[in-house]
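Engineer: Prediction below, plus the sequence it came from.
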Amino acid sequence: MINKDVFRDISYGMYLVSTKDEKNVGCITNTLIQITSENPIIAISLNKNNETNRVITNTNKFAVSVLSEDTDQEIIKTFGYSSSRDINKFENIEYEEINNLPVIVKNVSSYLICDVINKIDCNTHDLFIGQVKETVKVSNNSPMTYKYYHEVRKGTSPKNAPTFQEVKHEDAYRCTICGYIYDNAKEEVRFEDLPDDWKCPTCGVGKDMFEKITN
Ligand code: FE
């Protein structure tokens, strides 16, 4: 038996993975681990449908920005809940070109530059094993943990995330873009009574992009 609550006990951070071929692409992942410390190697997991996965597979290079507790929600919104196939995520975001990669360096804790040394097929996702070439400590701001993202930022996992979980609610609405749940039982104002210009706090879309949860 698999009790999915157990996976909630696993700790994660929040990372922005970026790379480029003809265009800059990037996405948010929480699944990054350090594998070795001597001659450091890390691993990241990315959904196979993800544009960033496709480009890293071609270029064998990626950067990772370690998001911090003061990382702008706009960055999480842009990189976490839309596809690089549809928009240029870097268009309105400040970044620097480092080692020919687009890297978010503002309001993050640090960043790493990696070369892919292996890619492992894991069903819906690929695990990219990266040899770390360079690391830079940007600030002493606390790195954002996944727990902080969920509890303080009220963040959610989109369906592509390795940690996505269906949650059961009696009287609630779900954002069809980012998965944010508006639970009438926990809010002072019912969803139906929110003003028309109300926006999803996680990804910024309007009420019309929400669906009633039917269990
Ligand atoms: Fe949303």
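Structural biologist: It's in. Residues are numbered from 1 along each chain as shown.

Engineer: residues touching the residue minimising distance to the centre of the chain, list them.
Structural biologist: Centroid-nearest residue in the chain: residue 28, 2.5 Å away (criterion: CA atoms, centre = their mean). Contact analysis of residue 28 by CB atoms under 8 Å, 6 or more residues apart in numbering lists 14-17, 67, 76, 79-80. To be clear about C-beta, it is placed using only N, CA and C from the backbone, and glycine gets the same treatment.

Engineer: Now for the residues you listed: which two are most distant?
Structural biologist: Spatial extent of the contacts of residue 28 (CB to CB) is set by the pair 17 and 76 at 13.1 Å.

Engineer: quick one: which of the two has more around it?
Structural biologist: The neighbour comparison of residue 17 against residue 76 (other CB atoms under 10 Å) goes to residue 17, with 25 against 21.

Engineer: quick one: pLDDT of the more buried one?
Structural biologist: Among the per-residue scores, residue 17 shows a pLDDT of 98.

Engineer: Check residue 121 too.
Structural biologist: 98.

Engineer: Name the next helix or strand downstream of the helix or strand of the chain with the lowest mean pLDDT, please.
Structural biologist: Least confident helix or strand, the chain: helix 146-151 with a mean of 83, by mean pLDDT, DSSP states H and E. Counting by DSSP states H and E, the next helix or strand C-terminal to helix 146-151 is strand 172-175.
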